[in-house]
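Novice: kindly generate the corresponding structure for this input.
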Amino acid sequence: MLKLIAKLLDSRLVLGLAIALMAVGSAQGSEVRAVRLGVHADHTRLVLDLSAPTQFTVTDGSANSLVIIQLADSAAAPKLQAALAGQGLVQAIDLEPRGKALEIRVALAPGARLQRYDT
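Specialist: Prediction:
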């Protein structure tokens, strides 16, 4: 399992954005099977369950309360909703197809900013 960890910081809270890229199957044709949020006292964790290893980019738009995750050659599972309610420091999550890619737009609480690190 490969993980990308990022933190959203304000004066009191930390949001951990964890994208779990499951190493199952080929690197092509990945499907987002689930989106989960875990709210903790000092952070909120976002986990994306994928069917295969996937190339991705993360755009830090936290100055505008938005983080964009783009998954190459990916799609949402048919039963996965296109818009999900947020919890903690995540206000909402939208999944939008962009050609062969899937864009995941994460709306953040005002004042949160992204600090990214990989493990």
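
Novice: please count neighbours and contacts with C-alpha atoms only from this point.
Specialist: OK.

Novice: let me see the ranges of the helices in the protein.
Specialist: With DSSP state H, there are no helices along the chain.

Novice: low pLDDT regions in it?
Specialist: For the chain, applying pLDDT under 70 flags the ranges 1-28, 62, 113-119.

Novice: and R98, what are its bridge partners?
Specialist: A101 (DSSP bridges).

Novice: next, count neighbours for it.
Specialist: Neighbour count of R98, defined by other Cα atoms under 10 Å: 14.

Novice: K79 too?
Specialist: 8.

Novice: what are the phi and psi values at it?
Specialist: When read as degrees, to the nearest 10, the backbone of K79 gives phi -90, psi -10.

Novice: what's the distance between it and I104?
Specialist: To I104, K79 is 16 Å away according to Cα to Cα, to the nearest Å.

Novice: for L50, which non-adjacent residue is spatially closest?
Specialist: V32 (4.6 Å; Cα to Cα, 6 or more residues apart in numbering).

Novice: can you mark which positions in stretch 36-49 are buried?
Specialist: By neighbour count on 16 or more other Cα atoms under 10 Å, the buried set for stretch 36-49 is 37, 43-49.

Novice: of all the residues you listed, which two lie farthest apart?
Specialist: Largest separation among the buried residues of stretch 36-49 by Cα to Cα: H43 and D49, giving 19.4 Å.
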